[in-house]
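Engineer: sequence first, then the predicted structure, then my questions.
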Amino acid sequence: MQVININEGRNGEMLRKCKELYGYSAFTAKVREYEKETGSLEAALKKAIEYCCQHDIIKEFLENHAQEVMSMLMTEFNLDDCIAVRIEEDREEIAQKAFAKGLPLDVIRDITGLDMDKIKTLATVQSK
């Protein structure tokens with residue numbers, strides 16, 4: 001798989017050949033610029049959308065999808081949070097399997113690191 005950097009100042013020849021890639025690159029550069037200026041992602045997005053529409057940069061797309069763009073970009077993806085949730089789910093699954101095998105709750109606590117209240121809740125759910 002090949003990844004190509006289309007950030008401002010990179011791969012200019014490719015951006016000149018593809019209006020949509022150029023527009024996306026210009027839009028993201030404006031968002032970054034305005035975020036530094038305003039300190040707010042939401043304000044930066046609004047200003048970048050307005051700027052791009054005024055300067056015919058992916059204008060039609062932004063006019064038709066501005067709200068979707070705002071919603072998508074305001075929803076911050078946090079890898080650390082995703083990993084933490086996954087680890088917690090794995091620990092709970094291990095606890096449930098250990099409970100099903102008849103291991104004592106204190107052993108399950110030692111294996112999983114879950115607190116006893118959580119283990120008791122999982123045990124209650126599993127026994128239903």
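Structural biologist: Sure, I can see it.

Engineer: flag every buried residue along the helix or strand harbouring Lys120.
Structural biologist: Using DSSP states H and E, Lys120 maps to helix 116-127. For helix 116-127, the neighbour count (16 or more other Cβ atoms under 10 Å) marks 118-119, 122-123 as buried. Using the backbone N, CA and C atoms, a C-beta is placed for each residue, glycine as well.

Engineer: and if you look at stretch 89-104?
Structural biologist: For stretch 89-104, burial by neighbour count (16+ other Cβ under 10 Å) applies to 91-92, 95-96, 98-99.

Engineer: any idea which of those residues is closest to Met72?
Structural biologist: Glu92 (30.3 Å; Cβ to Cβ).

Engineer: can you redo the buried residues of stretch 89-104 as a markdown table with distance to Ala44 and secondary structure?
Structural biologist: As requested, these are exported to a markdown table (distance: Cβ to Cβ, whole Å; DSSP: H, G, I helix; E, B strand; the rest coil):
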| residue | distance to Ala44 | secondary structure |
| --- | --- | --- |
| Arg91 | 38 | helix |
| Glu92 | 39 | helix |
| Ala95 | 44 | helix |
| Gln96 | 44 | helix |
| Ala98 | 48 | helix |
| Phe99 | 49 | helix |
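
Engineer: can you lay out those residues as JSON lines showing distance to Tyr22 and pLDDT?
Structural biologist: Converted to JSON lines, the buried residues of stretch 89-104 look like this (distance: Cβ to Cβ, whole Å; pLDDT from 0 to 100):
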{"residue": "Arg91", "distance to Tyr22": "47", "pLDDT": "91"}
{"residue": "Glu92", "distance to Tyr22": "47", "pLDDT": "90"}
{"residue": "Ala95", "distance to Tyr22": "52", "pLDDT": "91"}
{"residue": "Gln96", "distance to Tyr22": "52", "pLDDT": "90"}
{"residue": "Ala98", "distance to Tyr22": "56", "pLDDT": "91"}
{"residue": "Phe99", "distance to Tyr22": "57", "pLDDT": "90"}
